[in-house]
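J.: Next comes the sequence, and after it the predicted model I'd like to discuss.
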Number of protein chains: 2
Amino acid sequence: MPKRVDHAERRTEIAEALVRVAGRRGLHAVGMREVAAEAGVSLRLVQYYFQTKEKLLLFGLELLAERFGERVSARVRAAGDAPGPRAMIEALLMAALPTDDESRTFHHLYTSYAVLAVNDPALAAQPFIKNPDAAEDALTELLRQAQEAALLEPGVDARLEAAGLLAMSAGLGTGVLVGQRSPESATTVLSHHLNRIFRTGDAVRT
Amino acid sequence: MPKRVDHAERRTEIAEALVRVAGRRGLHAVGMREVAAEAGVSLRLVQYYFQTKEKLLLFGLELLAERFGERVSARVRAAGDAPGPRAMIEALLMAALPTDDESRTFHHLYTSYAVLAVNDPALAAQPFIKNPDAAEDALTELLRQAQEAALLEPGVDARLEAAGLLAMSAGLGTGVLVGQRSPESATTVLSHHLNRIFRTGDAVRT
DNA sequence: GGTTTTGTGATACGAACGTACCATGACGTT
DNA sequence: AACGTCATGGTACGTTCGTATCACAAAACC
């Protein structure tokens, strides 16, 4: 039966199976056999397209990062239609919160990978873990634009604010993920903080 | 040699060994044999004092939470000597950042447990994961005190601010942990945000 | 058309892991 | 002094995991 096959495509299919089963049962619990079953192929095939489990995991992380990047930029683009920079900033930050199954899986797995990266140099070297974060640059730029349009409160440092907001979003996401906090309360917290950065009339009463 | 032995004490020793080896090699990689070796006892003993690995992990989390709670309140108490509420708040938030080995291990393992809790109801039910967080209550109270002393900028919601700050601290901690960010830059970000909440003269130039 | 490469299946192997079982010396109790 | 329970050691069992090996059919190439 061996037709010639597109390796990249096949690898993607298998990695998607990895992401699915890891999302269901936790990254620590996934084995090559289960990934194979989920992808509907034999164990041998998983070995064939990825030689080792480590390479499979690496590729899975790449896929995850890529998909998530697309998701975020799609949301930001969608928000960039009419309103101001604030809508885009909010879209960027909210996209990372685990509000639906997709983002929940993403957050879960990304955190799993981050934990593994602490003891695994190969994972730690991955751009997605290692990078000064494209997201931070993008958010900083958005904040600068808002600043030049005089939309922000004075005394805001765009770069520091961007780093803080992203960290907050990530932290809230973890809280939601483990059930400490509802998605709604997370968005409330985030909105409140944006309100305190953006220059608006609706100050919250104490 | 079997003197009568204090079970609680023995269990703590073994759990400490668990925390040490998990801190070194990652929670996912620790086995009962290695814990036994680290604790200087036989595998049989680990089984004797904890019947199952799951119970060992559960107890390890309890120990971790307890130790960390002590650490944080010790720091807050130390900061509560002379200055204002801000020093205590800063101490509370900074204590969670992975700046030294101890807090680094804590953050690492706590995140590991949180990830496991996503797929493990028994872990998710643990108070430390599950609770509306004593830290949030404490921080909220500190913010309220500062507020009543008119130390805060207007428009700050103590509870939302507390939740946001803790999430930010956690997020920054993860960044430090995986090497995305230096401890110094994390404290800088945190300080900047506190500056924007507290009423002080030293506004940062834009 | 024969040969080499490529895709795929089945299965075996060695290691590690959690757990269970058996044995035995020391202590507390009576 | 005898007995039972406590603490501990050693080791075996069954499973699972990642990886390696053997086998073979379909296509590609010359």
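T.: Cool, got the structure. Every value quoted in this text rests on a predicted model; they were computed, and no experiment measured them.

J.: Tell me how far A:L165 lies from B:L97.
T.: Separation of A:L165 from B:L97 (Cβ to Cβ, to the nearest Å) stands at 17 Å. In short, each C-beta sits where N, CA and C put it, glycine included.

J.: Among the two, which residue is more densely surrounded?
T.: Between A:L165 and B:L97, A:L165 has the larger neighbour count (other Cβ atoms under 10 Å in any protein chain shown), namely 26 against 22.

J.: Now name the helix or strand holding the closest residue to the more buried one other than its chain neighbours.
T.: Distances taken as Cβ to Cβ, 6 or more residues apart in numbering or on different chains put A:L93 closest to A:L165, at 6.0 Å, once the chain neighbours are dropped. Taking DSSP states H and E as the criterion, A:L93 maps to helix A:85-95.

J.: residues in contact with that helix?
T.: A:71-72, A:75-76, A:78-80, A:103, A:135, A:138-139, A:142-143, A:145-146, A:149, A:151, A:165-166, A:169, A:187, A:190-191, A:194, A:198 (Cβ atoms under 8 Å, 6 or more residues apart in numbering or on different chains).

J.: does any part of stretch A:46-53 sit near chain B?
T.: No: Stretch A:46-53 stays clear of chain B (Cβ under 8 Å from any Cβ of the partner chain), getting no nearer than 13.0 Å.

J.: how near is whichever residue of chain A sits closest to DNA strand D to A:L43?
T.: Here the residue of chain A nearest DNA strand D is A:G31; by Cβ to the nearest atom of the strand that distance is 3.0 Å. Distance, A:G31 to A:L43, using Cβ to Cβ: 9 Å.

J.: domain parsing for chain A?
T.: Per automatic domain parsing, the structural domains of chain A span A:1-51, A:68-197.

J.: Take the ones you listed and write them to JSON lines, including distance to DNA strand C and mean pLDDT.
T.: Shown next, in JSON lines, are those (distance: least, Cβ to the nearest atom of the strand, whole Å; pLDDT from 0 to 100):
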{"stretch": "domain A:1-51", "distance to DNA strand C": "3", "mean pLDDT": "95"}
{"stretch": "domain A:68-197", "distance to DNA strand C": "14", "mean pLDDT": "93"}
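
J.: Could you say which of the ones you listed is packed most deeply?
T.: Most buried of the domains of chain A, by mean neighbour count (mean count of other Cβ atoms under 10 Å in any protein chain shown): domain A:68-197, with a mean of 19.

J.: ends of it, how far apart?
T.: The first and last residues of domain A:68-197 sit 26 Å apart, counting by Cα to Cα, to the nearest Å.

J.: Do that domain and DNA strand D come into contact?
T.: No: against DNA strand D, domain A:68-197 shows no contacts by Cβ under 7 Å from any atom of the strand, the least distance being 12.0 Å.

J.: and that domain, how far from the chain's centre?
T.: Its chain's average C-alpha position is 8 Å from that of domain A:68-197, according to Cα atoms, centre = their mean, to the nearest Å.

J.: List the contacts of the spatially closest residue to A:M168 that is not a sequence neighbour.
T.: Nearest residue to A:M168, sequence neighbours excluded (Cβ to Cβ, 6+ apart): B:M168, at 4.1 Å. Counting by Cβ under 8 Å, 6+ apart, B:M168 touches A:164, A:167-168, A:171, B:189-190, B:193.

J.: can we see that at 10 Å?
T.: Contact analysis of B:M168 by Cβ atoms under 10 Å, 6 or more residues apart in numbering or on different chains lists A:163-172, A:189, A:193, B:93, B:186, B:189-190, B:193.

J.: and if you look at A:D120?
T.: Applying Cβ under 10 Å, 6+ apart to A:D120 gives the contacts A:54, A:57-58, A:113, A:126, A:129, B:26, B:29.

J.: and those residues as TSV, adding secondary structure?
T.: Shown next, in TSV, are the contacts of A:D120 (DSSP: H, G, I helix; E, B strand; the rest coil):
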residue	secondary structure
A:E54	helix
A:L57	helix
A:L58	helix
A:Y113	helix
A:Q126	coil
A:I129	helix
B:G26	coil
B:A29	helix
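
J.: What separation is there between A:A39 and A:G60?
T.: The gap separating A:A39 from A:G60 is 12 Å, by Cβ to Cβ.

J.: tell me, what's touching these two both at once?
T.: A:14-18.

J.: end-to-end on stretch A:75-87?
T.: Start and end residues of stretch A:75-87 are separated by 10 Å (Cα to Cα).

J.: so which helix or strand takes in the residue nearest to A:M168?
T.: helix B:158-177.

J.: Likewise for A:H107?
T.: Using DSSP H and E, A:H107 falls within helix A:101-119.

J.: could you say what helices and strands the helix or strand just after that helix packs with?
T.: Later in the chain than helix A:101-119, the nearest helix or strand by DSSP H and E is helix A:121-124. Contacts defined by 3 or more Cβ pairs under 10 Å, 6 or more residues apart in numbering or on different chains; DSSP states H and E place helix A:121-124 against helix A:53-79, helix A:101-119, helix A:127-130.

J.: Make CSV from those helices and add distance to B:V35 to it.
T.: As requested, the helices and strands packed on helix A:121-124 are exported to CSV (distance: least, Cβ to Cβ, whole Å):
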stretch, distance to B:V35
helix A:53-79, 24
helix A:101-119, 16
helix A:127-130, 28
